[in-house]
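**Student:** Here is a sequence together with a model predicted from it:
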Amino acid sequence: MNIYADRGNLLVLAHRCAWRGIGFELSSSGIGEPLYPDAHDLFYLGGGQDRDQRLCAEDLIETKRSALHGAAAREAVVLGVCGGYQLLGHSYSLGADEIPGVGLLDVRTVREDGPRLIGNIAIEVSLGDGSPATDGNDRILAGFENHGGRTYLGPDARALGRVVKGHGNDGRSGFEGVRNGNTIGTYLHGPLLPKNAWFADWLIATSLRIEGSELAALDDGLEKAAHLSARHAAGL
Ligand code: GLN
């Protein structure tokens, strides 16, 4: 799935690796295509409309579920955005209809009555691992959310961040996203990584199993301006 230019997230990863001389190869795995748990450092699931999610969910369960579990077990990075986040959980319920998820994150999503949760959003995250701190802004993720589903955390789920501005997982709890080891789900589109280059670097370093400080510094003037603009759009 891919909406709100989620593909931009992949471009950011590709370019930030290339600028540092780190080899980067992108492979897609469409409906019916196999997925190999050991073949990749990072697995990415984009967002999508409810209709697309139904199509993808069946295939995720049938052809990709065990590979995703295998990837997570060997601590590869698995990142799901919005619809992809919902499908990393146990289920996405729309009335009597329940779309099953792959169950990597202990969350359930429910499409309830009420408005879609839409708008610019900023969350404060604590990755708790000494990821590179450069300008004091690096703990904020800024982006855009648009989801009808409300995501509820189970007892084993730890939120990715605390909502500073916006709706987050369910519009009420004050939490956004979920992290379980190196498996991360978030509602932040935007796309996420062009607006938060520091997080792209955290994903790259974590995928490569190195410290963020081992990544060569880049000239991030434009990236920092994009980040600040996204924060301002969210009202920070
Ligand atoms: N279809 C899902 C929802 O509305 C996810 C939307 C998205 O990926 N932006 O909740």
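**Tutor:** Received it, and whenever you're ready, just let me know what you need. Numbering: from 1, shown residues only.

**Student:** Quick check: buried residues in the helix or strand of the chain with the lowest mean pLDDT?
**Tutor:** Lowest mean confidence among the helices and strands of the chain (mean pLDDT, DSSP states H and E): helix 50-59, at a mean of 91. Neighbour-count burial for helix 50-59 flags 53, 56-57, 59 (criterion: 16 or more other Cβ atoms under 10 Å). Using the backbone N, CA and C atoms, a C-beta is placed for each residue, glycine as well.

**Student:** neighbouring contacts of the helix or strand in which residue 230 is found?
**Tutor:** Residue 230 is part of helix 221-233, with elements assigned from DSSP states H and E. Helix 221-233 has contacts (Cβ atoms under 8 Å, 6 or more residues apart in numbering) with 120, 122, 135, 137, 140, 142-144, 190, 194-198.

**Student:** repeat for stretch 21-35
**Tutor:** With contacts defined as Cβ under 8 Å, 6+ apart, stretch 21-35 is touched by 10, 13-14, 17-18, 39-40, 43, 55-56, 59, 63-64, 67-68, 204, 208.

**Student:** Mind checking which of these are buried?
**Tutor:** With burial judged by 16+ other Cβ under 10 Å, the buried subset of those is 10, 13, 17, 40, 43, 56, 59, 64, 67-68, 204.

**Student:** Those residues into a markdown table, with extra columns for distance to residue 97?
**Tutor:** Shown next, in a markdown table, are the buried ones among the contacts of stretch 21-35 (distance: Cβ to Cβ, whole Å):
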| residue | distance to residue 97 |
| --- | --- |
| 10 | 31 |
| 13 | 34 |
| 17 | 40 |
| 40 | 32 |
| 43 | 26 |
| 56 | 15 |
| 59 | 17 |
| 64 | 21 |
| 67 | 26 |
| 68 | 23 |
| 204 | 38 |
